[in-house]
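Colleague: Sequence and predicted structure, then a few things I'm wondering about:
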Amino acid sequence: MKLFTYHCTQDLPISLDDAWAFFSDPKNLKTITPDYMGFDIVSGADKAMFPGQIIQYKVSPLLGIKTSWVTEITHVAHQKYFVDEQRFGPYKLWHHKHFFTAIDKGVHMEDLIHYKAPLGALGNLVTPFLVTPKLEEIFNYRTQKLTELFGTVN
């Protein structure tokens, strides 16, 4: 089964403290997720992020089909990075690293996602045409929404 990778970066004109406060609060994920995905947190977002935290969502990633998605925050290095991994959901594997670095005029954020599609060879075949473009669309929305919320680094 093929392992796919998605990588993106964004610079925001906010402090590392503010970036960490925003991104380490699971409730803010709904704000930066497209409305059409029907993203709702079911449980696990009532505390600040910590290793071992289990968060359950309802989401419609494809064709409006509602599914459960359970992730675990597996690693946290305060104001440096955190990792979320799918425990149950639409992917065969989902490993998402979030990195934060202070820069001259704000913060540099980097996302690195390793994922495997379900359905074996069929999943591998359709991922470049269906899954990856959807992932790019979601992260493009996120980039646009964060720019609206915080502006751009000049």
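Modeller: Yep, that arrived. Numbers count the residues shown, from 1 in each chain.
Colleague: tell me the SS of the residue most central in space within the chain?
Modeller: Nearest to the geometric centre of the chain sits His96, at 6.7 Å (C-alpha atoms, centre = their mean). Assigned state for His96: strand (three-state reduction, DSSP: H, G, I helix; E, B strand; the rest coil).
Colleague: how much space between it and Lys105?
Modeller: Relative to Lys105, His96 is positioned 26 Å away (C-beta to C-beta, to the nearest Å). In this view, the C-beta of every residue, glycine as well, is placed from N, C-alpha and C.
Colleague: where does this structure have its least confident helix or strand?
Modeller: When each helix and strand of the chain is scored by mean pLDDT, DSSP states H and E, helix 120-126 comes last, with a mean of 73.
Colleague: Tell me the buried residues in that one?
Modeller: 123-124 (16 or more other C-beta atoms under 10 Å).
Colleague: Measure how far that helix is from the centre of its chain, please.
Modeller: Relative to its chain's centre, helix 120-126 lies at 22 Å (C-alpha atoms, centre = their mean, to the nearest Å).
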